[in-house]
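Colleague: Attaching a predicted model along with its sequence, questions to come.
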Amino acid sequence: MDVLDEKECREFVMKDIKVASYMYLIYSAFNAINKIYALEYSVNYSRDNYLKQTAIVRTKCRELLENADIVMD
């Protein structure tokens, strides 16, 4: 996946989603939600750079939410 650009990566994932079982899709969405909570929890608000940490985490969370949305559709 690291050698694929974003479009190729999405096409690869979408191909798997179309043939995946419902249980796998539910697991994928659940896993994405767990990662979002873990990322949000990882921000250390006692540090001076917490705003930068939050921005990075929110970008990653947005990507996970978009992927979860695709799976749910």
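Modeller: Alright, I've got the coordinates. Residues are numbered from 1 along each chain as shown.
Colleague: most centrally placed residue in this structure?
Modeller: Central residue of the chain (CA atoms, centre = their mean): residue 64, 1.9 Å from the mean position.
Colleague: Low-confidence bits of this structure, can you list those?
Modeller: 1-4, 6, 9-10, 12-20 (pLDDT under 70).
Colleague: in it, which spans are helices?
Modeller: Remark: helices assigned in the chain by DSSP state H are 6-19, 22-42, 50-72.
Colleague: From the contact counts, what lies against the last one?
Modeller: Spelled out, it's helix 50-72. helix 6-19, helix 22-42 (3 or more CB pairs under 8 Å, 6 or more residues apart in numbering; DSSP states H and E). C-beta: built from backbone N, CA, C; applies to glycine.
Colleague: which residue sits farthest out from the middle of the protein?
Modeller: residue 48 (26.2 Å).
Colleague: What spatial separation is found between the nearest residue to the residue nearest to the centre of the chain once chain neighbours are set aside and residue 55?
Modeller: Residue nearest to residue 64 in three dimensions, not counting chain neighbours: residue 32, with 4.5 Å by CB to CB, 6 or more residues apart in numbering. To residue 55, residue 32 is 20 Å away according to CB to CB, to the nearest Å.
Colleague: Neighbour count: those two, which is higher?
Modeller: residue 32 (20 against 12; other CB atoms under 10 Å).
Colleague: residue contacts, that one?
Modeller: Contact analysis of residue 32 by CB atoms under 8 Å, 6 or more residues apart in numbering lists 64-65, 67-68, 71.
Colleague: let's go with 6 Å and repeat that
Modeller: Residues in contact with residue 32 (CB atoms under 6 Å, 6 or more residues apart in numbering) are 64, 67-68.
Colleague: now these as a markdown table including distance to residue 41?
Modeller: Shown next, in a markdown table, are those (distance: CB to CB, whole Å):
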| residue | distance to residue 41 |
| --- | --- |
| 64 | 14 |
| 67 | 19 |
| 68 | 18 |
